[in-house]
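**Q** 3D, please:
(3 chains, ligands or ions: 2)
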Amino acid sequence: MNRETVIRVENVSKCINRGRPNEVWPVRGVSLEIERAQCVVLKGPSGSGKTSLLSLIGCMSRPTEGRILLHGRDVAKLPERFLTEIRRNTFGFIFQQFNLIPGITVKENVMLPLYPTEMGLTEIKTRAERLMKKLRIYERRHFHVKGLSGGEQQRVAIARALINDPEIILADEPTAHLDTRLSVELIEILKGLKEEGKTLVIATHDPLVYEQGFVDRVVEMRDGRVI
Amino acid sequence: MIKHLKILEFALSSLWRRKFKNLGLIVVFSLIIFTLSSIVFLTYSFKREAVAVLKDAPELIVQRLSAGRHEMMPVEYMKKIKDIPGVGKIVPRLWGYYYDISTGGNYTVMALREGLQDKISLMEGSFVVGSGSCVVGRGVADARFLDIGSIMPLIGADGKVRRFRVAGIFTDESNLLTNDLVIIGEKDFREVFRIPQSIATDIVVQIYNPTEVDNIARKIKEALPDTRPITRREILRTYDTLFDWRSGMVLTMFLGAILAFVILAWDKATGLSAEERHEIAILKAIGWETSDVMELKFWEGFIISSLSFLTGLIGGYLHIYFFGASIFSPALKGWSVIFPEFRLVPYINIYQIAVLLFFTVIPYMAATIVPSWKAAITDPDVVMRG
Amino acid sequence: MILHPGIIALLVGSLIVLALLLYGSVLAVVILRRWDIKSSSEFQLGLERKTYLVSTIMSFVLGFEVLAIFLFIYTVDDLHRQFVGAMCATGSLNANPVGWYVLYVKMLLFFISSLWIGINYVDQRTEGFPLVRFKYGMLLLVAPLVLVDVYLQSRYFLGLTPDIITSCCGALFSKEGGGLSSSLSSLPVRPMRYIFFTVLGLYVLAGLISLKRQKGIFRGLMGIFSVIVFLISLASIISFVSLYFYEIPTHHCPFDILQGYYNYIGYPLYGALFSGTAFGLLTGFTEILKKLFPSLEKINRYQRKWTILSILFMVIFTLISLYPMLFSSFTLEGY
Ligand SMILES: Nc1ncnc2c1ncn2[C@@H]1O[C@H](COP(=O)(O)OP(=O)(O)OP(=O)(O)O)[C@@H](O)[C@H]1O
Ligand SMILES: [Mg+2]
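**A** Ligands and ions are numbered 1, 2, ... in the order given. Sure thing, here's the model as predicted:
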């Protein structure tokens, strides 16, 4: 197997409200290496900084200190415009809340991430249809997301995360709002993605997830640090 | 390119989802554009009408002034004018105002003179104004329910009623100058108003070379110091200034309304609902860039303005040209009692649209720049923190 | 002063733009003083976000100036009846010569703001934003220019009183008159026509060569050339191009072609000329910037796009000017 490092986090800290009384450090001095097609789980109690670390890795926010190397390129100090571009090309996000837009159809929700790109609508549609078929929501494509069940909504969110054909998938507490049956279903999907060669980073404290066989590594966090 | 179209499409769909929220804004915006475009259309039409009418007006008219007021003019003045080189034909005019007690209307009564027939072509009936017959404007005919062959009575200066048979009626509905006109024969005119033969109201002077007009006007003024020569250009300019000034005044007064609207638009753009904020945050999280969200907001503003602009503009157009400016008519009544009857010739050009754009869409767009920027810079990771 | 809807619209619009630009300038000063691309502080992030606001304001200014030039000419044209001797916009401008400066300043504003937007476009797509200081320094020059514009415009309109006796295009652009304008119209048609088409041809050629071989020198040439083409084209429009549209051998007016009577042909004509010039200027100007800021090396593909656009617009301009010469029976031979 190819042991290429995809993400390398070097001594990264994140500070919020610096210099003010409500200053917090959700992430402190974290170093981490993630290899291609690995599945890494970030585990830790609530408030330990999992979400914050995930958003740093996913170029959602910039670290206050340290470096984040993506395929060897330092992205820690890039302006937002470039971060967004990297995010659009490299990452797929599965959020704790599904974060779907209620008034529009399933299909539109899935296609939305590619709107601000130069990709043609037909190409986007083909991609969306393929993904919706794969995730068994194709029959629901013209429904508004409000009427969908929790599991269906989760699958729409996953389809949306995959529409840009990302290399790395970041999932934040993906089973938090699902019952056991649906969680198992989700885990199957994640497993399938790993088999396709995607790199997975999952933040969770759900044993159902981190005790799975396909998880290569569990990173424990506490108070913003890796232990 | 495709990118912009896709964002535009999303803007359309997201406005459609919130149509009731934006409806109020669109209605107010449309109303403002409706009012402004009505004003602009109305004044423009007046202006054009005046220009069209005065195109046939005499190049130079000479009136007599006494103590700064218009006085009747001795016909012998004509001789002195005739001596000035470059002057062509000279014709005296007889006209005056007549207050009609029974309708409360004010008419312009004019004596028939040479050259009047061929200038006013649009009429039904005939232009035979012999003794005891007359030609009237549409407004007069409607006010008095006159038809061809009916009788139009005029009360003379001596208190006696004189009866005139209507020989013709002007049909040119849009013509502001014929609307309140009554034309009778010269002899009848002198009788009704008791004006001696030696006197006219004013004098029309024909001039061979149009570039000489100002020069000749000056010479007339020198030769006859108690007269006032009025050139056609001068009248046109006065009309222009008057109408520009009127619409300018009204528009200036409207700046307050526009300002109020701009504040409303600003407030709407600033006070996003929690749902809208969440939606923008989702867009940012799934890979939309700040400038993409700003573009989305721009398109939304663009659609709202275009929609309101078209609605207001078409409304204003219909209002002025098909409903006779019915909303404004109380304000216009001061112009003349028989005025509300007029119909204007539809007229619209790029300039009017550009002026209206400057008054409405540009302030609106400017007001939404900062709020949409504020909305667009939402942190992309807020949705991760619930 | 004449109270006219167009005048009020222009003044109100300019004031709005001025207010926005002043706000933008305040932001620009902060950015100039505190910008530090290497910092990952929240303050720097805030500044980066403010750049979006400033670029939007500048886009608004550009859009406004484009509209304002036309509205200004149109308003001035509409006013001509108020002045003795005026037959079109030229007469109204002569009624208070400040008007000409208003027109020049507006044109300058158009070119500067389009240049700014072009520079901003490449800068935002270059890692490290090398042009930030340059851009915001330049922005601080735009605001005073708008101030000058507002001032001159107000002075022009306030100084207009009806009854001014003025001279119009007939006199201004006549061969007998004095000054630059009449020398423009008395330029001999035949050599002028050669110069016009030669310069346009050379410009397109330089553009095509710069597309073929990626040499900076040709792009630089395009920048300088575009200014020459612009000036010669304006002179030519007055000297002979407009005459073909009017079909009157003595009517040298640059404004009448904008009127409906001539099918609004002036809009595409000037639109193409101004756009072609702006894109040419941008190509040349960014070439100079590339020498000063080595990290801009990657902008070649944008310059390529601009070059193509510039050539395209100039060709459209040429075709529109050429059309009546080829297809109308009117001829200037002998004048
Ligand atoms: N924008 C912010 N403002 C204030 N505090 C913040 C912010 N972001 C993170 N924090 C704080 O940083 C700490 C880490 O938060 P984070 O969301 O990363 O934890 P988590 O491990 O994901 O917790 P959970 O399991 O509850 O999701 C928390 O104490 C949180 O309150
Ligand atoms: Mg969390």
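
**Q** quick one: contacts for residue C:107?
**A** residue C:69 (C-beta atoms under 8 Å, 6 or more residues apart in numbering or on different chains). C-beta: built from backbone N, CA, C; applies to glycine.

**Q** what does the model give it for pLDDT?
**A** pLDDT, residue C:107: 92.

**Q** Quick one: name the residues of the stretch 201-335 of chain C near chain B.
**A** Counting by C-beta under 8 Å from any C-beta of the partner chain, the residues of the stretch 201-335 of chain C close to chain B are C:260, C:264.

**Q** An error on my part: the question was meant for chain A.
**A** Near chain B, when you scan chain A using C-beta under 8 Å from any C-beta, you find A:51, A:54-55, A:60-61, A:80-81, A:84-85, A:87-88, A:93, A:95-97, A:99-104, A:108, A:112-113, A:115-121, A:160, A:164, A:172.

**Q** What mean pLDDT does stretch A:75-84 get?
**A** 89.

**Q** ends of that stretch, how far apart?
**A** 11 Å (C-alpha to C-alpha, to the nearest Å).

**Q** ok, and which of the residues of chain A next to chain B reach ligand 1?
**A** Among the residues of chain A next to chain B, the ones lying near ligand 1 by C-beta under 6 Å from any ligand atom are residue A:51.

**Q** Mind checking which of the residues of chain A next to chain B are in helices?
**A** Applying DSSP state H to these, the entries found in helices are A:51, A:54, A:55, A:80, A:81, A:84, A:85, A:87, A:88, A:108, A:121, A:160.

**Q** Within reach of chain C, which of the residues you listed are there?
**A** Answer for those near chain C (C-beta under 8 Å from any C-beta): A:80, A:81.

**Q** quick one: pLDDT of residue C:181?
**A** At residue C:181, pLDDT is 60.

**Q** Kindly report the same for residue C:175.
**A** 53.

**Q** Can you show me the CA trace of the least confident helix or strand in chain A by mean pLDDT as CSV?
**A** Ranking every helix and strand in chain A by mean pLDDT, DSSP states H and E puts helix A:207-210 at the bottom, with a mean of 86. Provided in CSV are the C-alpha atoms of helix A:207-210 (Å, rounded to 0.1, in the frame of the first residue of the first chain):
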residue,chain,number,x,y,z
PRO,A,207,-18.0,3.6,20.2
LEU,A,208,-20.1,2.2,17.4
VAL,A,209,-17.9,4.2,15.0
TYR,A,210,-14.4,4.0,16.5
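
**Q** Which residue ranges of the chain form strands?
**A** Let's take chain A. A:5-16, A:24-35, A:39-43, A:65-70, A:73-74, A:91-94, A:168-172, A:199-203, A:217-222, A:225-226 (DSSP state E).

**Q** Wait, chain C was what I had in mind.
**A** Going by DSSP E, chain C shows no strands.

**Q** By residue count, what's the longest helix in it?
**A** helix C:42-78.

**Q** What is the burial count for residue B:371?
**A** 18 (other C-beta atoms under 10 Å in any protein chain shown).

**Q** Now do the same contact list for the spatially closest residue to it that is not a sequence neighbour.
**A** Leaving aside its chain neighbours, residue B:371 sits nearest to residue B:269 (3.5 Å; criterion: C-beta to C-beta, 6 or more residues apart in numbering or on different chains). The contact partners of residue B:269, by C-beta under 8 Å, 6+ apart, come to B:297, B:367, B:368, B:371, B:372, B:375.

**Q** So which of those residues is the closest to ligand 1?
**A** residue B:375 (18.3 Å; C-beta to the nearest ligand atom).

**Q** which residue lies farthest from the center of the chain?
**A** Picked chain A for this. residue A:21 (31.4 Å; C-alpha atoms, centre = their mean).

**Q** switch to chain C, that's the one I care about
**A** residue C:41 (40.2 Å).

**Q** Do I have it right that it meets residue A:18?
**A** Yes. Between residue C:41 and residue A:18 there is a contact under C-beta atoms under 8 Å: 7.1 Å.

**Q** Quick check: neighbours shared by those two?
**A** residue A:64.

**Q** max-length helix in chain A?
**A** helix A:180-195.

**Q** same thing with chain B?
**A** Max-length helix for chain B by DSSP H is helix B:232-270.

**Q** Could you list the low-confidence segments of the chain?
**A** Let's take chain A. Residues of chain A meeting the criterion pLDDT under 70: A:1-2.

**Q** I was after chain B.
**A** In chain B (pLDDT under 70), the answer is B:53, B:56, B:115-123, B:128-129, B:172-177, B:210-211, B:329-343, B:386.

**Q** what's around the closest residue to residue C:220 other than its chain neighbours, how many residues?
**A** Nearest non-adjacent residue to residue C:220, counting by C-beta to C-beta, 6+ apart: residue C:287, 4.7 Å away. The burial count assigned to residue C:287 is 23, neighbours taken as other C-beta under 10 Å.
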